[in-house]
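Chemist: Next come a sequence and a model predicted from it.
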Amino acid sequence: MVPERQYKTPLFDAMVNLAESRKISFHTPGHKSGKGISTRFRKFVGPKIFTIDLTTLDEVDCLQRPVGVIKEAQELAAEAYGADHSFFLINGTTGGNHAMILSTASPGDEILIARNAHKSILTGIILSGATPRFFLPAFDQDLGMLLNVTVEGVERAMAQYPKAKVLSLTSPNYYGVAADLRAIVSLAKRRGILVLVDEAHGPHLHFHQGLPTSALDAGADLCVQSTHKILGGMTQSSMLHLKGRDIDYPRVVKLLLLLQSTSPSYILMASLDLARMQMATEGEKLLGKAIDLAQDARCRINRISGLSCFSEADLRGSDFFLDVTKLTICVKGLGLSGFEASAILNTEFGIQVEMADLCNILVIVSIGDRRDDLDQLVAALDSLAGRGTRPRDRRAVPSLLPPLGQQFHLSPRDAFFAPSEYLPLTKAKGRTSADIVTIYPPGVPVLVPGEEVGSSAIDYLRSLASHGARIDGVLELDEPQIRVLRD
Ligand SMILES: Cc1ncc(COP(=O)(O)O)c(C=O)c1O
């Protein structure tokens with residue numbers, strides 16, 4: 001039974017009421033309910049949206065010190081997600097990851113980090129001055145993909161770094177592969193270790209039994225979710241959830257005050273209020289439809305010669321669970337890289353996928369998709385496969401496993417701020433990286449500040465770039481330049 005109050009949207013209602021009251025505004029934002037906005041903008045989006053682009057006013061409460069409708073909206077979110085406290089975020093999961101790291105790790109504290117972390121976890125480490133202790137997730141050679149961390153891998157890391165009192169995980173990963181969070185949390189709790197989960201790709205998990213267990217349901221202490229990535233939140237809107245007594249709640253509040261804008265977008269926050277209401281009241285039905293669409297497309301794609309799309313069955317017996325709304329479509333069998341397939345789908349079929357890597361394209365199926373969208377995807381893939389298999393590219397195929405876990409010379413924070421210089425990537429071997437270098441997306445760091453630049457990292461980055469991947473964190477001149485510590 002859905003509690004009646006979950007149908008409420010206190011923040012959005014207050015915004016609409018204020019907009020409709022047509023009070024004379026001598027406050028920010030300067031466009032004054034759209035009267036001062038560019039005509040082109042207003043013509044395209046219509047006039048109404050500007051009337052709810054508000055600022056902190058009594059009627060609509062204050063994110064920095066919520067006492068009214070924002071407080072109520074956050075409490076409803078906490079109830080819907082099973083959290084003790086939920087916080088609205090207006091700088092995406094990036095901001096939430098920063099808050100999560102900064103509120104649990106002080107300078108010098110050791111923190112266990114699964115190396116499939118998004119770069120925002122690492123930027124959080126730079127800000128906090130904590131000492132990361134990395135451990136590796138499992139890698140699947142056939143899929144050419146990092147899966148997630150195993151329970152055994154986490155246990156080994158805990159034994160290797162007994163001083164670490166915080167564990168940071170990313171689950172599910174971009175491809176929807178979730179770790180066995182229940183088992184990992186119970187391991188951590190026995191050792192008094194806090195569990196933080198970057199659940200950017202999992203704001204929907206809690207609302208459907210057919211999806212992997214959510215971080216909070218597994219007992220995590222803190223988690224951050226990109227409501228905007230998967231649900232009805234507007235881009236940049238995320239939530240941070242806290243559960244249990246082991247987290248210093250006032251410190252989290254203080255950190256969010258420090259990190260978030262004093263002029264948060266009410267449109268973003270309203271979208272969180274509405275997305276929560278939508279999930280709490282009809283999430284199961286909407287997600288059920290998305291799951292059915294995705295599973296049906298998965299079956300049809302797997303019948304196309306040269307393509308494969310892994311399923312829950314492929315992970316059975318492992319430590320991993322699959323969010324089946326993610327379709328990871330391996331195009332190796334067509335003699336194409338994921339980057340090439342993605343470009344063809346875009347330019348020739350008008351279909352934009354979420355991401356591509358060397359072997360795969362990633363399709364997100366959400367509550368916003370309709371059967372016709374999936375039919376068009378399957379038809380386009382069928383047509384692509386019908387062109388026949390191209391002989392595999394003759395250029396050296398890069399080692400698929402990112403060369404993670406090189407030697408560390410300095411903490412990420414010290415290395416980031418140390419005197420540095422730019423060098424062409426090819427000349428950086430043996431030097432210490434001063435920046436986070438990733439292939440984006442998915443944004444998993446190949447190099448972290450303080451880490452030695454090994455030849456395998458250089459080869460990996462160069463060969464992936466030659467296959468169409470984007471290197472993030474380098475200066476793009478004739479040759480990518482990487483920031484390293486001065487000798
Ligand atoms: C695992 C993961 N964490 C965090 C982020 C950052 O999230 P946001 O874009 O909401 O700031 C991303 C973005 O792709 C991500 O994939």
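Modeler: Now that the structure is in, tell me what you want to look at.
Chemist: State the number of residues packed around residue 296.
Modeler: By other C-beta atoms under 10 Å, 15 other residues sit near residue 296. C-beta here means a position set from N, CA and C on the backbone, and glycine is covered the same way.
Chemist: Pull up the residues of the chain that are close to the ligand.
Modeler: 92-94, 97, 118, 120, 170, 174, 198, 200, 226, 238, 442-443 (C-beta under 6 Å from any ligand atom).
Chemist: okay, now the domains of the protein?
Modeler: Here the domain parsing of the chain from automatic domain parsing is 4-280, 286-386, 412-485.
Chemist: In the stretch 251-400 of the chain, what residue comes closest to the ligand?
Modeler: residue 355 (8.8 Å; C-beta to the nearest ligand atom).
Chemist: can I assume that residue is in contact with residue 201?
Modeler: No. Using C-beta atoms under 8 Å, residue 355 is not in contact with residue 201, being 11.2 Å away.
Chemist: Common neighbours of these two, please.
Modeler: Common neighbours of residue 355 and residue 201, using C-beta atoms under 8 Å, 6 or more residues apart in numbering, are residue 174.
Chemist: Who has more neighbours out of these two?
Modeler: The neighbour count for residue 355 versus residue 201, taken as other C-beta under 10 Å, is higher for residue 201 (27 against 19).
Chemist: quick one: the more buried one from residue 420, how far?
Modeler: Here residue 201 is placed at a distance of 33 Å from residue 420 (C-beta to C-beta, to the nearest Å).
Chemist: same check, this time on residue 305
Modeler: From residue 305 to residue 420 the distance is 51 Å (C-beta to C-beta).
Chemist: Okay, buried residues for whichever helix in the chain runs longest please.
Modeler: In the chain, assigned by DSSP state H, the helix with the most residues is helix 266-302. For helix 266-302, a neighbour-count test (16 or more other C-beta atoms under 10 Å) marks 266-281, 283, 286-288, 290-291, 293-295, 297-298, 300-301 as buried.
Chemist: One more: stretch 169-189?
Modeler: 169-181, 183-185, 187-188.
Chemist: Next: stretch 372-380.
Modeler: 374, 377-378, 380.
Chemist: How far off centre is it?
Modeler: Distance, stretch centre to chain centre, for stretch 372-380: 26 Å (C-alpha atoms, centre = their mean, to the nearest Å).
Chemist: name the helices or strands packed onto the one helix or strand residue 361 maps to?
Modeler: For residue 361, the host element (DSSP states H and E) is strand 360-364. On a contact count with 3 or more C-beta pairs under 8 Å, 6 or more residues apart in numbering; DSSP states H and E, strand 360-364 meets strand 326-330, helix 338-349, strand 355-356.
Chemist: So what touches it?
Modeler: 143-145, 174-175, 229-230, 297, 325-331, 338, 341-342, 345, 353-356, 377.
Chemist: in the chain, what residue is nearest the ligand?
Modeler: Counting by C-beta to the nearest ligand atom, the chain gets nearest the ligand through residue 92, at 2.6 Å.
Chemist: That residue against residue 227, yeah?
Modeler: No. If you go by C-beta under 8 Å, residue 92 and residue 227 don't touch, sitting 9.5 Å apart.
Chemist: residues shared between the contacts of the two?
Modeler: 237-238.
Chemist: what about these two, which has more around it?
Modeler: residue 227 (27 against 21).
Chemist: Just list the residues touching the more buried one, thanks.
Modeler: Contacts of residue 227 (C-beta under 8 Å, 6+ apart): 203, 233, 237-239, 271-272, 275.
Chemist: ok, now residue 113?
Modeler: Residue 113 sits in contact with 121, 125, 132-135, 168, where contact means C-beta under 8 Å, 6+ apart.
Chemist: go again using 10 Å as the cut-off
Modeler: Neighbouring residues of residue 113 by C-beta atoms under 10 Å, 6 or more residues apart in numbering: 101, 121-122, 124-125, 130, 132-135, 157, 164, 166-170, 196, 448.
Chemist: what do you get for residue 94?
Modeler: Counting by C-beta under 10 Å, 6+ apart, residue 94 has contacts 118-121, 123-124, 198, 200, 224, 226, 236, 238, 259, 443.
Chemist: and it, what pLDDT?
Modeler: On the pLDDT scale, residue 94 is placed at 98.
Chemist: Could you look up the SS state of the residue nearest to residue 431 when sequence neighbours are not counted?
Modeler: Take residue 431 and drop its neighbours on the chain: the residue closest to it by C-beta to C-beta, 6 or more residues apart in numbering is residue 484, 3.9 Å away. Using DSSP: H, G, I helix; E, B strand; the rest coil, the structure places residue 484 in strand.
Chemist: For residue 484, the count of nearby residues, please.
Modeler: So residue 484, with other C-beta under 10 Å, has 26 neighbours.
Chemist: bridging residues for it?
Modeler: As for beta bridges, residue 484 partners with residue 421, residue 433 under DSSP bridges.
Chemist: Show the contacting residues for it.
Modeler: 415, 418, 420-423, 425, 427-435, 447, 449, 452-453.
Chemist: Provide a list of residue ranges in the stretch 51-200 of the chain with pLDDT below threshold.
Modeler: Low-confidence segments of the stretch 51-200 of the chain (pLDDT under 70): none present.
Chemist: how about 80 then?
Modeler: Per-residue confidence for the stretch 51-200 of the chain (pLDDT under 80) gives these ranges: 142-144.
Chemist: all strands of it, in order?
Modeler: 85-89, 110-114, 131-135, 139-140, 145-146, 166-170, 177-178, 194-198 (DSSP state E, counting those that start in this stretch).
Chemist: Check the separation of the first and last residues in stretch 185-197.
Modeler: Using C-alpha to C-alpha, to the nearest Å, one end of stretch 185-197 lies 10 Å from the other.
Chemist: so how far is the strand holding residue 361 from its chain's centroid?
Modeler: Here the centre of strand 360-364 is set off from its chain's centre by 15 Å, with C-alpha atoms, centre = their mean.
Chemist: Stretch 274-285 too?
Modeler: On C-alpha atoms, centre = their mean, the centre of stretch 274-285 falls 21 Å from that of its chain.
Chemist: Give me the most central residue, this protein.
Modeler: residue 200 (3.5 Å; C-alpha atoms, centre = their mean).
Chemist: hang on, residue 123 packs against residue 100?
Modeler: No. Checked against C-beta atoms under 10 Å, the pair residue 123 and residue 100 is beyond contact range at 12.0 Å.
Chemist: Between the two, which has more neighbouring residues?
Modeler: More neighbours surround residue 100 than the other of residue 123 and residue 100, with 29 against 19 (other C-beta under 10 Å).
Chemist: For residue 155, which non-adjacent residue is spatially closest?
Modeler: Per C-beta to C-beta, 6+ apart, closest to residue 155 is residue 187, 5.9 Å.
Chemist: Surely that neighbour and residue 150 touch.
Modeler: No. Look at residue 187 against residue 150 with C-beta under 10 Å: they stay out of range, at 11.4 Å.
Chemist: Name the residues contacting each of these two.
Modeler: residue 180.
Chemist: winner for burial among the strands of the stretch 51-200 of the chain?
Modeler: Ranked by mean neighbour count under mean count of other C-beta atoms under 10 Å, the strands of the stretch 51-200 of the chain are led by strand 177-178, which reaches a mean of 29.
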